[in-house]
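Chemist: Coordinates only, no sequence provided:
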């Protein structure tokens, strides 16, 4: 006998706000770096909530937390989850909504007396942001066998403190096995961190592919000369070369974007000597190129590299190109996408199929289990900032869709 | 009865090298900032040399030193000189050659028993580099009445120490009046600090005009968004805007340079937030635009400003343009130029008429007396660096030309 399932918008919002006060600075920014006192208190709070919702909580060796709700039958579980660590001066929604949305769903199911066939697990991954130990998506890398537990535990922060020591001190060094490769399905709900849903006024996004991500350090080296005494035609201006490359990268990405969804960004730039009256002798650029199609991504990178070389040679500059990160695109499971879209329709919301330009734990889980990624809107596309915001209505919509999808997947056929 | 005047290349080189050991760091860089112990010892050394050459030495209230050699008649003096302070990690030639070249000339005249009609004064200006008290050309600004003595003496360094205290402690707080406005002529010999003479293998440069100098802080402000999740067409990328402006400034300067000698440089660039995976939200540029023609300079600045506004508006960026420095071009005296060219021809060297893109004390003196500026080559155009170098041969050539010009000017007609 099951009553109507009622996701409570106010209770969900309260949970988000309550967790958002743990590690909040005076100006409303979140400082909840892995292993900080705020991280420990936030973990304790979430664990307490899960237990109060009659879930069984366990911790694995890298501090990933799993809360389990039994099913009617002994079958592979349906798993959901995300993370609660933040970047320094981050926001209250990134990660959190994918942990507290599921908490609200379990609370609603408990209130309605709903039992699912399959067990439901909610996972809280450690160090998703990579802020303290330098490796993003850390918890899911280990939980999916992509990074060895010992190697992860040996990672050190800037002060030489290891992850192992950090977890021990927090009391989050457990022995559980998340068993993600046994999962029937995994769905992560996350804020979009981009402007597409907000600008198109769409309730949710069903992600088809997480873009491949490449990072490069591109250095242009010329000659630092006197800005007054060096005629224009005698210059080897590293900044002018870097500027030309920046516009070429923008052009390349825009051209590719007509047929694919390439984005190319020069996000970082360091100039030497960096004096108004000195022609720059050297510029280091931090370059980010992404695409959901692996071949397009390789083409875009290779085309950008050619342009950098051509610009450098024409301007008599030296150019060095070092690739620092190269993550392949990850497709989400067509079956989970189908179920998510079904759940959106049942809930009466609108949606769009979209890509994720950012990496998420779901990328790693996709290698071991059928995986989906559900986006809720980010106001103005802002994230990693105290200005990050998703409205109570949008959180309610996303959680209702997630609830329908989990319930559907948890029904064994 | 006068013997042949023999400028001694080895003695001049020895003086340069001896002074170059005062304030020299282990890696050969010069650290002779105003009021440092090295500055005091260098001043003492130069004063001793001038006195040993039978010159009368006096100091003015801002520490400018003047060494006077009497003439046969009571007439306005012919003045020469430069500075001996350095930028941090500077070289051994910038400034120094315009003080020790004249010292060598006086020594040669003494050895030859030459008496000039007019008195000859050699001036050593205080704080030309502006490194410690923030105002370049400080000594000549005061000596030509462009900056009040009291205002100069009240200037403070980063630790709040005033110029007055600094000079008192060094023992270089005098009461002399340099009397530059009474000078019959002023000539400064200086290293070019640019590549023109070195690359064209020319012995000396006769400067016709010191370029006007303008500095601007140009800020582009857009929106810092996620590099992965923000499609190309939704971006307001401040760095792409700054890059486009940088290339436009280069184009504007090159176009103007066909008819004038405009140079335009983006020397400084600060990006926020400056992360590889974040679209830059704000870029501050330090922009330097110079020209020897005041009208061309105004045109170039106004054209650059228009382009910045146009780029910002097209890219939906905000643009702020603040002008921080605006020094008008300064023409050297046609009469002194004529005399310098005559002296070059008499000495058998080649020369070129040229401009100075850098500011020099001669700019200030030009407002009160007929003034000339003579350049000797800088190897590879390098200055403000331990790699700064002018060969003994080039120093000899420049000093011979200066000697001939001073002797000519010191002959009363």
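Modeler: Here it is on my side, so go on. The model shown is predicted, which means the values in this text are computed figures rather than measured ones. Numbering: from 1, shown residues only, chains lettered A, B, ... in the order given.
Chemist: What sits closest to residue A:386 if chain neighbours are left out?
Modeler: In space, residue A:386 comes closest to residue A:29 once its chain neighbours are excluded; the distance is 4.1 Å by C-beta to C-beta, 6 or more residues apart in numbering or on different chains. In short, each C-beta sits where N, CA and C put it, glycine included.
Chemist: Can you get me a residue count around that neighbour?
Modeler: 19 (other C-beta atoms under 10 Å in any protein chain shown).
Chemist: looking at it, it is touching residue A:87, isn't it?
Modeler: No - look at residue A:29 against residue A:87 with C-beta atoms under 8 Å: they stay out of range, at 9.6 Å.
Chemist: how about the helices in chain A?
Modeler: Ranges of helices within chain A are A:9-19, A:37-52, A:97-112, A:138-143, A:149-153, A:163-170, A:196-200, A:238-257, A:294-314, A:334-347, A:361-365, A:392-409, based on DSSP state H.
Chemist: can I get those helices in JSON lines with mean pLDDT?
Modeler: Shown next, in JSON lines, are the helices of chain A (pLDDT from 0 to 100):
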{"stretch": "helix A:9-19", "mean pLDDT": "98"}
{"stretch": "helix A:37-52", "mean pLDDT": "98"}
{"stretch": "helix A:97-112", "mean pLDDT": "98"}
{"stretch": "helix A:138-143", "mean pLDDT": "96"}
{"stretch": "helix A:149-153", "mean pLDDT": "97"}
{"stretch": "helix A:163-170", "mean pLDDT": "98"}
{"stretch": "helix A:196-200", "mean pLDDT": "96"}
{"stretch": "helix A:238-257", "mean pLDDT": "94"}
{"stretch": "helix A:294-314", "mean pLDDT": "96"}
{"stretch": "helix A:334-347", "mean pLDDT": "97"}
{"stretch": "helix A:361-365", "mean pLDDT": "96"}
{"stretch": "helix A:392-409", "mean pLDDT": "98"}
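Chemist: What pLDDT does the model give residue A:259?
Modeler: We have a pLDDT of 78 for residue A:259.
Chemist: Run through the residues that contact it.
Modeler: residue A:296 (C-beta atoms under 8 Å, 6 or more residues apart in numbering or on different chains).
Chemist: cutoff 10 Å now
Modeler: A:293, A:296 (C-beta atoms under 10 Å, 6 or more residues apart in numbering or on different chains).
Chemist: next one: the one 5 residues further on
Modeler: For residue A:264, the contact set (C-beta under 10 Å, 6+ apart) comprises A:214, A:246, A:248-254, A:256-257, A:287-291, A:300-301, A:303-304, B:227, B:232.
Chemist: Please repeat the previous calculation with a cut-off of 6 Å.
Modeler: A:249, A:253, A:289 (C-beta atoms under 6 Å, 6 or more residues apart in numbering or on different chains).
Chemist: Dump the residues you listed to TSV, plus neighbour count.
Modeler: Below are these laid out as TSV (neighbours: other C-beta atoms under 10 Å in any protein chain shown):
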residue	neighbour count
A:249	25
A:253	24
A:289	28
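Chemist: Can you sort out which of the residues you listed also neighbour chain B?
Modeler: The overlap between the contacts of residue A:264 and the neighbours of chain B (C-beta under 6 Å from any C-beta of the partner chain) comes to residue A:253.
Chemist: Pick the one among the contacts of residue A:264 closest to chain B.
Modeler: residue A:253 (5.4 Å; C-beta to the nearest C-beta).
Chemist: Now do the closest residue in space to residue A:9 that isn't next to it in sequence against residue B:217, distance only.
Modeler: Closest residue to residue A:9 apart from its sequence neighbours, by C-beta to C-beta, 6+ apart: residue A:396 at 4.2 Å. Relative to residue B:217, residue A:396 is positioned 47 Å away (criterion: C-beta to C-beta, to the nearest Å).
Chemist: Kindly report the same for residue A:376.
Modeler: For residue A:376, the distance to residue B:217 - C-beta to C-beta - is 40 Å.
Chemist: Please apply the same query to residue A:93.
Modeler: 36 Å.
Chemist: if you count what's nearby, which of those two comes out ahead?
Modeler: Applying other C-beta under 10 Å to residue A:93 and residue B:217 shows that residue A:93 carries more neighbours, namely 25 against 16.
Chemist: so what's the closest residue to residue A:39 other than its chain neighbours up against?
Modeler: Nearest residue to residue A:39, sequence neighbours excluded (C-beta to C-beta, 6+ apart): residue A:32, at 5.3 Å. Shown in contact with residue A:32 (C-beta under 6 Å, 6+ apart): A:23, A:38-39, A:42, A:85-86.
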